[in-house]
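Engineer: prediction below, plus the sequence it came from.
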Amino acid sequence: MLLILLSPSHAEDLNTTNLKQYADLNIFYSAFPSTFISPSIANSNQIIQRRNVGIVNVVGLKGNDDHVPLTIQGSVKNIFQQKQLLHFYMVQEGEALYHLASFNFENEDFLTFSILIKPLSAKKIHQIKFQKVMYID
């Protein structure tokens, strides 16, 4: 089973996920240290775990339950405007689809994420921008 941590239904408990709504499409997104994931789940999903590696997770849902495959491009910048491209890949677990990308960060790094999202069945591209301070455990 993949990351309950990544599931939108558990996001409020962890205060790690945000939601953007576009008509009937709900986009949940989060960024967190890779060390938040158990080693067994990380290994089974090819997630790199290091103290200075974070994960961005994006989930698209139509309505409340139907997971939507997405095409995603993105980047993350630190306060010095150093940019990293985010390379997303999809993880499927049953009906659930998670779109994940890893990035490097320093302790107390203030990061700005810019992500372009397009459902595979749609023409419109949506943009999500958010900021997050990342800490090394």
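Structural biologist: In hand now; what should we look at?

Engineer: which helix in the protein runs the most residues?
Structural biologist: Among all segments of the chain classified by DSSP state H, the helix with the greatest residue count is helix 39-44.

Engineer: skip ahead from that helix and say which helix or strand is next.
Structural biologist: strand 53-62 (DSSP states H and E).

Engineer: report the mean per-residue pLDDT for that following strand.
Structural biologist: Across strand 53-62, the average pLDDT comes to 94.

Engineer: so what strands line up beside it?
Structural biologist: Within its sheet, and counting by DSSP bridges, strand 53-62 is paired with strand 25-33 (antiparallel), strand 66-68 (antiparallel), strand 96-104 (antiparallel).

Engineer: after the last one comes which helix or strand?
Structural biologist: Read in the C-terminal direction, the helix or strand following strand 96-104 is strand 109-119, with elements assigned using DSSP H and E.

Engineer: now the next helix or strand after that next one and strand 53-62, what's the angle there?
Structural biologist: Scanning forward in sequence from strand 109-119 by DSSP H and E, the next helix or strand is strand 126-134. If you take axes from the mean of the first three to the mean of the last three C-alpha atoms, to 10 degrees, strand 126-134 sits at 150 degrees to strand 53-62.

Engineer: what are the contacting residues of strand 126-134?
Structural biologist: 18, 20, 22, 25, 27, 29, 31, 33, 54, 58, 105-118 (C-beta atoms under 8 Å, 6 or more residues apart in numbering). The C-beta positions use only the backbone N, C-alpha and C, and glycine is treated the same way.

Engineer: residue 41 versus the residue located most distally from the centre of the chain, what's the distance?
Structural biologist: What lies farthest from the middle of the chain is residue 80; by C-alpha atoms, centre = their mean that is 22.4 Å. Using C-beta to C-beta, to the nearest Å, we find residue 80 at a distance of 33 Å from residue 41.
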